[in-house]
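Student: Give me coordinates for this.
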Amino acid sequence: MEHVKKDGKVLRQLVFLESAGLVQSEVEVESTSTTEWKILNNYLTCEHHRLMLTAIDFTELKAGSETDKFSRFRNAISRELRFAVLGLGGGLLARFLYERFPRATIKGVELDPEVVEIAEKHFGFPSSSKNDGRVRVVVDDALNFLKAAAHAQPAEKVDVLFVDLSTNSHEEGITCPPPAFVTEEALRLMKDSLTEKGKFMGEYFDNSNNNLGVLSFNLVSRDAEISAGVKKTVKSIFPHIFSVRGEEDVNEVIICPVDIATNDQTNGNKCKEIITDCEALESKGEWMSDYYEMLNRLSAI
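Tutor: Here you go, the predicted model:
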């Protein structure tokens with residue numbers, strides 16, 4: 001763990017020695033005394049985390065109308081969504097989901113128990129003794145977690161699966177996620193781990209299964225051929241895939257819903273009307289405005 005100054009801000013970073021050039025987690029902090037620091041978690045510092053959040057827009061089974069501004073995300077905030085984050089790191093994405101989605105449950109999957117301790121001690125991740133039971137950490141290989149989740153009962157399936165894993169090896173031309181997680185077998189496990197279609201019952205949805213499952217992962221590769229190959233493999237498993245790029249050219253997040261709502265527009269302009277709802281955006285803070293800006297970058301592959 002180290003502190004660095006960037007654009008007038010102090011950032012706390014988690015960097016593993018075996019991959020010193022790769023920042024695993026990053027959060028803004030401010031000094032409250034000569035020895036104390038306060039974590040500022042009102043905004044996700046890592047751009048790829050903000051990009052990954054756009055997957056939440058695909059979780060609602062019924063597409064909202066143009067006149068129903070802000071409905072999609074308002075509904076997501078109030079629904080009992082089930083999130084899973086593979087690769088806890090500093091726990092910043094999991095913590096953000098916990099604090100911004102008060103009815104959601106979050107599973108963080110991390111191979112190294114020492115990383116979990118660092119997340120709790122230095123990055124404000126809510127430990128099991130300090131949260132209301134909505135956050136649970138699974139210390140295990142993420143592939144083992146996927147195998148179990150793929151065979152879980154429907155009520156235990158995941159609504160949004162965030163794959164935030166990386167590798168310190170560049171031999172295979174891909175940094176995120178590790179190559180083992182973009183094979184056909186692994187991607188099928190991911191798809192099988194996700195919530196399937198809910199059922200429309202008259203004027204309401206069956207609450208036991210009214211969400212659409214979505215996979216969200218950061219794809220980092222400097223090799224265009226390898227990147228194209230990964231997308232081709234993903235398209236062979238998922239019926240719809242979308243891409244959203246950040247300002248940093250290295251980040252490309254791939255969004256893969258198990259299906260899309262009937263009235264969805266599959267281009268990046270589907271949420272333009274919501275951006276005009278300034279009052280709603282201001283009430284939710286800077287991160288919400290940023291969320292809709294990210295949505296407008298979405299494009300179908």
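
Student: Only C-alpha atoms from now on, for both contacts and neighbour counts.
Tutor: Fine.

Student: pLDDT weak spots in this protein?
Tutor: 1, 13-25, 27-28, 42, 61-74, 128-129, 169-171, 197-210, 248-249, 261-289 (pLDDT under 70).

Student: Name the single longest helix found in it.
Tutor: helix 224-237 (DSSP state H).

Student: Now the element after that helix, going C-ward?
Tutor: Later in the chain than helix 224-237, the nearest helix or strand by DSSP states H and E is strand 242-245.

Student: Could you list the residues in contact with that next one?
Tutor: 51, 251-256, 294-295, 297-301 (C-alpha atoms under 8 Å, 6 or more residues apart in numbering).

Student: Got a PyMOL select line for the buried ones in those residues?
Tutor: Only the buried entries of the contacts of strand 242-245 go into this PyMOL selection, using 16 or more other C-alpha atoms under 10 Å:
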select buried, resi 51+251+252+253+254+255+256+294+295+297+298+299
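
Student: Cross the contacts of strand 242-245 against strands and list the overlap.
Tutor: Using DSSP state E, the subset of the contacts of strand 242-245 located in strands is 252-256, 299-300.

Student: closest to Gly87 among the residues you listed?
Tutor: Val253 (15.5 Å; C-alpha to C-alpha).

Student: List the contacts of that closest one.
Tutor: Val253 sits next to 48, 51-52, 216-219, 243-245 when contact means C-alpha under 8 Å, 6+ apart.

Student: a markdown table please, covering the residues you listed and showing distance to Gly91.
Tutor: Putting these into a markdown table (distance: C-alpha to C-alpha, whole Å) gives the following:
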| residue | distance to Gly91 |
| --- | --- |
| His48 | 14 |
| Leu51 | 16 |
| Met52 | 15 |
| Ser216 | 16 |
| Phe217 | 16 |
| Asn218 | 16 |
| Leu219 | 19 |
| Ser243 | 24 |
| Val244 | 23 |
| Arg245 | 23 |
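
Student: Among those, which pair sits farthest apart?
Tutor: Ser216 and Arg245 (12.8 Å).

Student: The two - which one has more neighbours?
Tutor: Counted by other C-alpha atoms under 10 Å, Ser216 and Arg245 do not tie: Ser216 has more neighbours, with 26 against 20.

Student: Pro113: neighbour count?
Tutor: 13.

Student: roughly how far apart are the closest residue to it other than its chain neighbours and Thr59?
Tutor: Nearest non-adjacent residue to Pro113, counting by C-alpha to C-alpha, 6 or more residues apart in numbering: Val139, 6.4 Å away. Using C-alpha to C-alpha, to the nearest Å, Val139 is found at 27 Å from Thr59.

Student: picking that back up, burial of the residue nearest to Pro113, as a residue count?
Tutor: 16.

Student: residue contacts, it?
Tutor: 109-113.

Student: among those residues, which are in strands?
Tutor: Using DSSP E, these in strands are 109-110.

Student: filter the contacts of Val139 to the buried ones?
Tutor: Looks like the contacts of Val139 have 109-111 buried, using 16+ other C-alpha under 10 Å.

Student: Among those, which one sits closest to Val158?
Tutor: Val109 (12.9 Å).

Student: The closest one touches Leu143, doesn't it?
Tutor: No - taking contacts as C-alpha atoms under 8 Å, Val109 lies outside contact range of Leu143: 9.9 Å.

Student: Ramachandran coordinates for the residue located most distally from the centre of the chain?
Tutor: With distances taken from the mean C-alpha point of the chain and given as C-alpha atoms, centre = their mean, the most distant residue is Thr34, at 34.6 Å. With angles defined as degrees, to the nearest 10, Thr34 sits at phi -70, psi -20.

Student: now swap in Leu298 and tell me
Tutor: Dihedral angles (degrees, to the nearest 10) for Leu298: phi -60, psi 140.
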